[in-house]
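here is my input, please return the structure:
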Amino acid sequence: EQAGMRSRKTVLVTAAAGGTGQFAVQLARIAGNHVIATCGNEEKARLLRELGASRVVNYKKEDLGKVLKAEYPKGIDLVYDGVGGSMFEAAVSNLAVGGRIIVIGMIGGYTKGWPKSKHEGVNELLLFKSATVQGFFLLHYARHFKRHLNKLSHLSRTGQLKVA
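Numbers count the residues shown, from 1 in each chain. Reported below is the predicted structural model:
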C-alpha cells in the first residue's frame, strides 16, 4: 500500500528470501509485476523461483548493479530494500524515471552497529530520475496491522500466498 504498487512494473526485492522479502516477492507477482529478487545462495534462489520471482540474482555470484543495467535498461520502477549499502546504491543507480524505493531495513549494516550511510551522488540520481525514497518502520503502521493481516491470511488460505 505504501509503495503504491501497480501492475506491469519492474519490482526489485532485496533480501528476498527473508521474513518479509518472500511476501514482497509474492505480492508483487500477484499484482502482475516482473519481480527481481536477490539472495545469497542457490537454495534460496530455488525458493524464490518457486514463489514466483521472474529473475533471481545471487549477489555472491553476480553484481546486482551490472545485472540491472544490462537486463533492465529502462530501470526499476519499485524497490523493496531491506539490505542497504551497496544494494541500495545499485537500486538508486538503476531506477526508472519516477521510480520509488521503500526502505524497510538495512540488514547489511546491523552487524556493524548501524554505521551512518554514505551514498555520494544519491541526491543527484534521485533528482535526475524524479525518484523517491520512503522509509517504512513497521511500528508506525500498527493501526493497519489487523486489516492487512486479514488480507494476508485470506491469500494464504486460498493458496495464493505461501509461507516458506
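
switch to C-alpha atoms for all contacts and neighbour counts from now on
Noted.

in this protein, which helix has the most residues?
helix 145-157 (DSSP state H).

skip ahead from the lowest-mean-pLDDT helix or strand in the chain and say which helix or strand is next.
One helix or strand of the chain scores below all others by mean pLDDT, DSSP states H and E: helix 107-110, with a mean of 62. Downstream of helix 107-110, the next assigned helix or strand under DSSP states H and E is helix 122-128.

in that next one, which residues are buried?
Residues of helix 122-128 classed as buried under the neighbour-count rule (16 or more other CA atoms under 10 Å) are Leu126.

what packs against that helix?
helix 85-93 (3 or more CA pairs under 8 Å, 6 or more residues apart in numbering; DSSP states H and E).

pull out the buried positions in the helix it packs on.
For helix 85-93, by 16+ other CA under 10 Å, it's Gly85, Met87, Phe88, Glu89, Ala90, Ala91, Val92, Ser93.

alpha carbons of that helix, as PDB, please.
The C-alpha trace of helix 85-93 is given here as PDB (Å, rounded to 0.1, in the frame of the first residue of the first chain):
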ATOM      1  CA  GLY A  85      24.700  -0.400   1.500                       C
ATOM      2  CA  SER A  86      25.800  -1.400  -2.000                       C
ATOM      3  CA  MET A  87      22.400  -3.000  -2.700                       C
ATOM      4  CA  PHE A  88      20.700   0.400  -2.100                       C
ATOM      5  CA  GLU A  89      23.300   2.100  -4.300                       C
ATOM      6  CA  ALA A  90      22.700  -0.400  -7.100                       C
ATOM      7  CA  ALA A  91      18.900   0.200  -6.800                       C
ATOM      8  CA  VAL A  92      19.200   4.000  -6.900                       C
ATOM      9  CA  SER A  93      21.600   3.900  -9.800                       C
END
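
numbering from 570 from now on, please.
Okay, residue one is now 570; in that scheme the one you just asked about reads as helix 654-662.

following that helix, which helix or strand shows up next?
Heading C-terminal from helix 654-662, the first helix or strand you meet, by DSSP H and E, is strand 664-672.

what helices and strands are in contact with that next one?
With contacts taken as 3+ CA pairs under 8 Å, 6+ apart, strand 664-672 sits against strand 645-650, strand 701-704.

with just CA atoms, put that strand into PDB.
Extracted C-alpha coordinates of strand 664-672, given in PDB (Å, rounded to 0.1, in the frame of the first residue of the first chain):
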ATOM      1  CA  LEU A 664      15.800   3.400 -11.000                       C
ATOM      2  CA  ALA A 665      13.400   4.200 -13.800                       C
ATOM      3  CA  VAL A 666      12.200   7.700 -14.200                       C
ATOM      4  CA  GLY A 667       9.600   8.200 -11.400                       C
ATOM      5  CA  GLY A 668      10.900   5.100  -9.600                       C
ATOM      6  CA  ARG A 669      10.400   4.500  -5.900                       C
ATOM      7  CA  ILE A 670      12.400   2.900  -3.200                       C
ATOM      8  CA  ILE A 671      10.800   1.700   0.100                       C
ATOM      9  CA  VAL A 672      13.500   1.200   2.700                       C
END
